[in-house]
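Trainee: build me a model:
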Amino acid sequence: MMINANKKMVVVYMKENPVQHKGKTGREVNFEDSKLFTEPEIEKIFQAAGKIEVFFEDIFRNESFNEAAQELFEACDNLHSPDEMRSLRIKRYVRSCILEADIFLKHWERYMRHREVGDGNVFKQITSEIYDTNEAYAILCILRNYLVHSNDVVHGVHIGFDGLKIWTDRDIVLRDIEWSKAKKELLQRQEKKIDLLKVIKDSNDALNIIHDSMLSKIVTDELKEQCEFLVNMGKRTVMINSDVWFVFRFTGDEENKENIALGLGVDYYQLYWNRYRAVWEKLNKK
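Mentor: Below you'll find the model as predicted:
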């Protein structure tokens, strides 16, 4: 990639697929300076891409627990392995679902508190409403607390002619932790064998509602403007046949190609023109 010695920032695209040389380590990446943007525009692209990349991470924050739930239910549909292995695998998938939900909720709680979104109580307001209206989600919250601070929540797995059953023993959970009056009463209303598959399935929608509610609270006019700017910049690239784009900002000796190849003296973001457009449409959907 040839860069003008005086050029501190550049938007480039991959001209062709990386070339793997036989008998050599690494690969050759053929980048071309797009020459489509002015330096002030490239600076703004760099700043906007950084902001939107952080937002991308938040957009996909719910994928982990959704994927964990999918893995669990796929395992439940595929019961061809030996009984012992089936039981161990299913127990692990159940724990994974609950722990992924725990990580997800803790992320948003810290995110909202540290960034002082709204009045500082946004997370509590949103999750409290869900807790009060979705009993499966409330049970999930109790079970994630129990799993993290006490013991395993899977007390039984039965695979028989009547199907697959996975449960938590209500009385063990009640015995092992001194719950608040409200949580104790909630547990006491449950069947002795709490159906874990039902809890996970019925609480999944609640977790996704929480996710969408959190996203709606962090979308600012500035974020929308940055996304719209990237969408407009992306329109200039339609005549170039490449799906791989980067914006580079050189912070060191841009003449030293070896350092650039090693990622030294350069900051960069990959540019996702199609994704920017999809996010922009979502942010402006009525």
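Trainee: give me the number of residues near Val173?
Mentor: Applying other Cβ atoms under 10 Å, we find 24 residues neighbouring Val173. Quick note: C-beta positions are derived from backbone N, CA and C, even for glycine.
Trainee: can you pull out the strands in the protein?
Mentor: Secondary structure of the chain by DSSP state E: the strands cover 9-14, 19-20, 27-28, 31-33, 156-160, 163-169, 193-195, 245-250, 266-271.
Trainee: redo those as CSV? Include mean pLDDT.
Mentor: Listed next are the strands of the chain as CSV, based on pLDDT from 0 to 100:
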stretch, mean pLDDT
strand 9-14, 90
strand 19-20, 57
strand 27-28, 54
strand 31-33, 85
strand 156-160, 83
strand 163-169, 89
strand 193-195, 96
strand 245-250, 90
strand 266-271, 90
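Trainee: so can I have JSON lines of those strands showing mean neighbour count and distance to Met112?
Mentor: Putting those into JSON lines (neighbours: other Cβ atoms under 10 Å; distance: least, Cβ to Cβ, whole Å) gives the following:
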{"stretch": "strand 9-14", "mean neighbour count": "20", "distance to Met112": "34"}
{"stretch": "strand 19-20", "mean neighbour count": "10", "distance to Met112": "45"}
{"stretch": "strand 27-28", "mean neighbour count": "10", "distance to Met112": "42"}
{"stretch": "strand 31-33", "mean neighbour count": "16", "distance to Met112": "39"}
{"stretch": "strand 156-160", "mean neighbour count": "13", "distance to Met112": "37"}
{"stretch": "strand 163-169", "mean neighbour count": "18", "distance to Met112": "29"}
{"stretch": "strand 193-195", "mean neighbour count": "18", "distance to Met112": "30"}
{"stretch": "strand 245-250", "mean neighbour count": "20", "distance to Met112": "30"}
{"stretch": "strand 266-271", "mean neighbour count": "17", "distance to Met112": "25"}
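Trainee: of all the ones you listed, which lies closest to Asn66?
Mentor: strand 163-169 (18.9 Å; Cβ to Cβ).
Trainee: run the chain-centre distance for the closest one.
Mentor: Put simply, strand 163-169 sits 29 Å off its chain's centre (Cα atoms, centre = their mean, to the nearest Å).
Trainee: return it as PDB; C-alpha atoms alone will do.
Mentor: The C-alpha coordinates for strand 163-169 follow below in PDB (Å, rounded to 0.1, in the frame of the first residue of the first chain):
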ATOM      1  CA  GLY A 163     -39.500 -36.800  27.400                       C
ATOM      2  CA  LEU A 164     -36.800 -34.800  29.000                       C
ATOM      3  CA  LYS A 165     -37.200 -33.100  32.400                       C
ATOM      4  CA  ILE A 166     -34.600 -30.900  34.100                       C
ATOM      5  CA  TRP A 167     -35.300 -29.400  37.400                       C
ATOM      6  CA  THR A 168     -34.200 -27.400  40.500                       C
ATOM      7  CA  ASP A 169     -35.400 -28.600  43.800                       C
END
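Trainee: ok, and what's touching that strand?
Mentor: Residues outside strand 163-169 that contact it (Cβ atoms under 8 Å, 6 or more residues apart in numbering): 76, 79, 90-91, 94, 143, 153-158, 192-197.
Trainee: what separation do you get for the closest residue to Phe37 other than its chain neighbours and Leu215?
Mentor: Take Phe37 and drop its neighbours on the chain: the residue closest to it by Cβ to Cβ, 6 or more residues apart in numbering is Val11, 5.5 Å away. Val11 sits 28 Å away from Leu215, going by Cβ to Cβ, to the nearest Å.
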